[in-house]
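> predicted model follows, preceded by the sequence.
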Amino acid sequence: MDLLLIIFLSFLSISVNSRKKTKQMEKQNHSIVTEFILLGLTEFHELQIFFFLFFSIIYIAILLSNLIIILVVKLDPQLQSPMYFLLVNLSFIDMSLASFATPKMIGDLISENKAISYEECMAQIFFLHLLGGSEMMLLVAMAIDRLIAICKPLHYKNIMSHRICIRLALFSWTTGFVHSVSQMVFIVTLPFCGPNVVDNFFCDLPQVIKLACTDTYILDLLVIAFSGLLSLFCFIFLFISYSIILITVHHHSSSGYSKAMSTLAAHITVVVLFFGPCLFIYIWPFSHVFIDKIVSVFYTIFTPLLNPIIYSFRNKDIKKAMIKIKTKNYLLTNFNFLLLFIIKELLEVNFRILSLGYGIFMWDYD
């Protein structure tokens, strides 16, 4: 991670030098943008208070639920398998994905100053694509794991060794880093000397590019090419992989098919929930502010919340591991299950007010 930060700071340095040169070339009546204004989710004070409470609970639930998954997998020796190794990496990415913009969004809901500096805006874009690209490839790695486990069960342990799992995780992070750098190359050299208002709760690359005081038509196409096609490629690969898995199991036995459907339903659900917003943002030709905000919230907040529920808390092995941890009286047992109880209560509250919040949100844009 230190290496990633060093390289990212070098990109910021390039950006600053480029902006200095641009400033020297601009006329006196032009000003260089040093900060952006995030309009957030809504301008209504009552809704801001509601969203502040609602998303604060959501964010705490995301952190606690993913931390518990990491803790349970690390404490239970029976969960030291490739699938759960990759699941721990997914939980870490989900926590990071929810943290790159959500805390500032929550703070902006009760603050009058909704500005974000140029450097912070670039950092948000960098980490969004780093984490998003890494999670895409990690989902591909998890699909490969399931494909080998079902299609090559006798060779599974030899193929999916611990060394291979580490390589898959490193490849996921490397792909995310390369993807993020490719996006930063497009934007760090752009001159921003005019409008600085971003109608979202974080710096989204397509919206920020539109604020540049130059023609960005080619850049828009390149962003779609690098981000949209990467999402589409991974989604198609996952679709083919899971189709092969289901066909393979179906040919072996009907009972096995039913069991596999129950197991793979969680994987397929997560894939659809994650890639749906990605494909919508970068491939869908039409844009609407309200829809963009809904998709952004779902992608950066609700997906990291739903992943632990879909993958883990409905998983029999995870439930057995939690019970085992409790009965064996590990050092963190009482604290661990206190967190579980808190999460359970938070999730119940969230789902009760989710429909109400959506109705109010819709009313705000009518």
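All right, it came through fine.
> now do the same contact list for the closest residue to residue 80 other than its chain neighbours.
What sits nearest to residue 80 in space, not counting adjacent residues and going by C-beta to C-beta, 6 or more residues apart in numbering, is residue 73, at 7.9 Å. Placement of C-beta: from N, CA and C, glycine included. The contact partners of residue 73, taken as C-beta atoms under 8 Å, 6 or more residues apart in numbering, are 79, 80, 84, 85, 87, 88, 321.
> can we see that at 7 Å?
Taking C-beta atoms under 7 Å, 6 or more residues apart in numbering, we find residue 73 in contact with 79, 84, 87, 88.
> for those, which one is nearest residue 298?
Nearest to residue 298, judged by C-beta to C-beta, of the contacts of residue 73 is residue 87 at 21.2 Å.
> that closest one contacts residue 311, correct?
Yes - using C-beta atoms under 7 Å, residue 87 makes contact with residue 311 at a distance of 6.1 Å.
> can you tell me the SS state at the residue nearest to residue 80?
Recorded secondary structure, residue 73: helix (DSSP: H, G, I helix; E, B strand; the rest coil).
> and it, how far from residue 196?
44 Å (C-beta to C-beta, to the nearest Å).
> how about residue 159?
Residue 159 sits at a distance of 52 Å from residue 196 (criterion: C-beta to C-beta).
> between those two, which is the more surrounded one?
Shown here are residue 159 and residue 196; by other C-beta atoms under 10 Å, residue 196 has more neighbours (18 against 13).
> which parts of the protein are strands?
35-38, 115-117, 197-198 (DSSP state E).
> next one: the last one to chain centre, how far?
It refers to strand 197-198. Here the centre of strand 197-198 is set off from its chain's centre by 22 Å, with C-alpha atoms, centre = their mean, to the nearest Å.
> now that strand: mean pLDDT?
For strand 197-198, the mean per-residue pLDDT is 90.
> go on, stretch 161-168?
The model assigns stretch 161-168 a mean pLDDT of 92.
> isn't residue 199 up against residue 39?
Yes - in this structure, residue 199 is within contact of residue 39 by C-beta under 7 Å, at 4.8 Å.
> which residues do those two both contact?
Counting by C-beta under 7 Å, 6+ apart, no residue touches both residue 199 and residue 39.
> where does residue 121 land on pLDDT?
As predicted, residue 121 sits at a pLDDT of 91.
> no, scratch that, I was asking about residue 129
Reading off the model, residue 129 has pLDDT 90.
> can you count the residues close to residue 185?
Using other C-beta under 10 Å, the number of residues around residue 185 comes to 13.
> next: residue 78.
The burial count for residue 78: 11, using other C-beta under 10 Å.
> ok, it to residue 68 distance?
Residue 78 is 17 Å from residue 68, where distance means C-beta to C-beta.
> cool, and residue 211?
Plainly put, residue 211 is 40 Å away from residue 68 if you go by C-beta to C-beta.
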